[in-house]
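Asker: Predicted model and sequence below, questions to follow.
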Amino acid sequence: MINIPSKTVEGGVNPPQPINKSPRITLAMLWNKIEEQNLKIQKQALRIDFLEKENALLKKTINFLIIEDPKLETKIKDFWKNAKFDDKNW
């Protein structure tokens with residue numbers, strides 16, 4: 001806060017009047033913001049963990065299918081070599 005003396009009146013100067021330049025941010029408000037960010041980070045971490053597990057399961061499934069049908073490996077390699085993905089959908 002900045003103190004600016006008010007206009008003089010008869011007999012002298014009035015005491016300085018505080019001027020609020022910005023709203024007060026309390027420790028509780030900051031703590032709540034930190035907690036909100038922590039929750040967002042935790043949700044993202046859970047999502048990443050889920051995707052990593054899903055990816056590992058898909059790899060195991062593909063490896064199992066390749067063992068069952070060795071020709072499938074060639075088909076999968078050809079698919080990825082020729083695949084074109086639209087970045088907007090990813």
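Answerer: In hand now; what should we look at?

Asker: what about Phe79, is that helix, strand or coil?
Answerer: helix (DSSP: H, G, I helix; E, B strand; the rest coil).

Asker: Run a quick neighbour tally on it.
Answerer: 9 (other Cβ atoms under 10 Å). For the C-beta atoms, the positions are set from N, CA and C on the backbone; glycine is no exception.

Asker: Ok, Trp80 next?
Answerer: 7.

Asker: gap between it and Arg24?
Answerer: As judged by Cβ to Cβ, to the nearest Å, Trp80 and Arg24 stand 57 Å apart.

Asker: What's the mean pLDDT across stretch 64-78?
Answerer: Mean pLDDT, computed over stretch 64-78, is 88.

Asker: So which residues of this protein form helices?
Answerer: Ranges of helices in the chain, per DSSP state H, are 27-68, 71-82.

Asker: what's the angle between the first one and helix 71-82?
Answerer: Using axes from the mean of the first three to the mean of the last three Cα atoms, to 10 degrees, the interaxial angle of helix 27-68 with respect to helix 71-82 works out to 130 degrees.

Asker: list the helices and strands helix 27-68 packs on?
Answerer: helix 71-82 (3 or more Cβ pairs under 8 Å, 6 or more residues apart in numbering; DSSP states H and E).

Asker: could you dump the helix it packs on to PDB, C-alpha only?
Answerer: The C-alpha atoms that make up helix 71-82 are tabulated as PDB, following Å, rounded to 0.1, in the frame of the first residue of the first chain:
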ATOM      1  CA  LYS A  71       3.700 -63.400 -41.500                       C
ATOM      2  CA  LEU A  72       1.900 -60.800 -39.400                       C
ATOM      3  CA  GLU A  73       5.200 -59.200 -38.500                       C
ATOM      4  CA  THR A  74       5.800 -58.300 -42.100                       C
ATOM      5  CA  LYS A  75       2.300 -56.900 -42.400                       C
ATOM      6  CA  ILE A  76       2.700 -54.800 -39.300                       C
ATOM      7  CA  LYS A  77       6.100 -53.400 -40.500                       C
ATOM      8  CA  ASP A  78       4.500 -52.600 -43.900                       C
ATOM      9  CA  PHE A  79       1.600 -50.900 -42.200                       C
ATOM     10  CA  TRP A  80       3.900 -48.600 -40.100                       C
ATOM     11  CA  LYS A  81       6.100 -47.900 -43.000                       C
ATOM     12  CA  ASN A  82       3.200 -46.700 -45.200                       C
END
